[in-house]
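Novice: the sequence isn't on hand, but the structure is:
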């Protein structure tokens, strides 16, 4: 059993069978609540300093610090559990899993996407896939994702060539101008990722 996975922000991932795993967005769910708790912590810190009390002796500050830490720890644990379930399911059910190489460091420079990328935990997910594949005796490879969303997996036509325009992020479905095949963007990308992985192994 072989499968390719496209990591994206609309869903956590879309696989080459067309199935998706929803993005739980744990941090975004409590973002406002956590921000409020952090503001309270900041106010109590300033008050303690104004009263010339060391923070370790400021009772209200220490109580609020524990509340903030608890909320942050809850999000981290939820994300970790989700990533473990997703990675174990993929590895156990497939002999070969192919994913795109992660370039999140470059993507994080895009401030509009930075929060979503940090929240989703792709780097940890791929690390889990690597060691679990070894643990279960399966194969996990990563491939260069360049043009995987722009290439028709049926005929190989690449959008942006032959007088066509590249697909924008807003275009989630498209028809190949060469063969007419209709594509769901992320599903098509996952199919191209799987094909590249199979080629990589053959080489």
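Specialist: Yes, it's here. Note that this is a predicted model, so its numbers are computed, not measured.

Novice: in the protein, where's the longest helix?
Specialist: The single longest helix within the chain, with elements called by DSSP state H, is helix 59-93.

Novice: residues of that one that come out buried?
Specialist: Within helix 59-93, the residues scored as buried using 16 or more other Cβ atoms under 10 Å are 61, 64, 65, 68, 75, 79, 82, 83, 86, 87, 90, 91. C-beta: built from backbone N, CA, C; applies to glycine.

Novice: now stretch 89-107
Specialist: 90, 91, 94, 96, 97, 98, 99, 100, 102, 104.

Novice: which one of the buried residues of helix 59-93 sits closest to residue 175?
Specialist: Residue 175 lies nearest to residue 90 out of the buried residues of helix 59-93, by Cβ to Cβ, at 29.9 Å.

Novice: please give the element, helix or strand, for the nearest residue to residue 87 once chain neighbours are set aside.
Specialist: Leaving out its chain neighbours, the residue that sits closest to residue 87 by Cβ to Cβ, 6 or more residues apart in numbering is residue 128, at 4.0 Å. Per DSSP states H and E: residue 128 is located in helix 122-136.

Novice: which residues are contacting that helix?
Specialist: 7, 80, 83-84, 86-88, 90-92, 97, 99, 102, 104, 138-140, 142 (Cβ atoms under 8 Å, 6 or more residues apart in numbering).

Novice: residues of that helix that come out buried?
Specialist: 122, 125, 126, 128, 129, 130, 132, 133.

Novice: one more: stretch 148-155?
Specialist: 148, 149, 150, 151, 152, 153.

Novice: now pLDDT and distance to residue 24 too, for the buried residues of stretch 89-107, in JSON lines please.
Specialist: Shown next, in JSON lines, are those (pLDDT from 0 to 100; distance: Cβ to Cβ, whole Å):
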{"residue": "90", "pLDDT": "96", "distance to residue 24": "16"}
{"residue": "91", "pLDDT": "96", "distance to residue 24": "20"}
{"residue": "94", "pLDDT": "96", "distance to residue 24": "22"}
{"residue": "96", "pLDDT": "97", "distance to residue 24": "26"}
{"residue": "97", "pLDDT": "97", "distance to residue 24": "20"}
{"residue": "98", "pLDDT": "97", "distance to residue 24": "23"}
{"residue": "99", "pLDDT": "96", "distance to residue 24": "19"}
{"residue": "100", "pLDDT": "91", "distance to residue 24": "20"}
{"residue": "102", "pLDDT": "76", "distance to residue 24": "19"}
{"residue": "104", "pLDDT": "54", "distance to residue 24": "18"}
